[in-house]
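>>> Next one to model:
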Amino acid sequence: MKVYVHENGIIMSGKAWEIQAKLKKMQHSFDTMEQWVDSVHRTNSNPTRMASPTAQKKIGSSSYLRPIV
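This next block holds a predicted model:
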């Protein structure tokens, strides 16, 4: 999953369950997305690229690991 923060908003790319998990996690800290974007801009005036941890898979999903081709 990737999260891009811009001056006017954010772009989240990834699987639906990853985005839902990220939004639920942020819901505990912020009331609105606007507050989260503002806090990101205040704390990090010079953006750096950091990997975002992937959310955990749901129970019952396939544990079969597919090879990367």
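>>> Helices of this structure, residue ranges please.
For the chain, the helices defined by DSSP state H occupy 16-27, 33-43.
>>> Next, count neighbours for M1.
Per other CB atoms under 10 Å, the neighbour tally for M1 reads 16. Backbone N, C-alpha and C define where each C-beta goes, glycine included.
>>> and the gap between it and I19?
M1 sits 7 Å away from I19, going by CB to CB, to the nearest Å.
>>> who touches both of the two?
The contact sets of M1 and I19 overlap at M12 (CB atoms under 8 Å, 6 or more residues apart in numbering).
>>> Give me the pLDDT value at M50.
Per-residue pLDDT puts M50 at 55.
>>> now V40
Note for V40: predicted pLDDT of 77.
>>> Need the nearest residue in space to it, chain neighbours excluded.
Once flanking residues are discounted, V40 sits nearest to V5: 5.1 Å by CB to CB, 6 or more residues apart in numbering.
>>> which residues does the one you found bridge with?
Beta bridges link V5 to I10, judged by DSSP bridges.
>>> And for S39, the neighbour number?
Counted with other CB under 10 Å, the neighbours of S39 add up to 12.
>>> can you tell me which residues contact it?
With contact set as CB under 8 Å, 6+ apart, S39 has these partners: F30.
>>> Thank you kindly, that will do.
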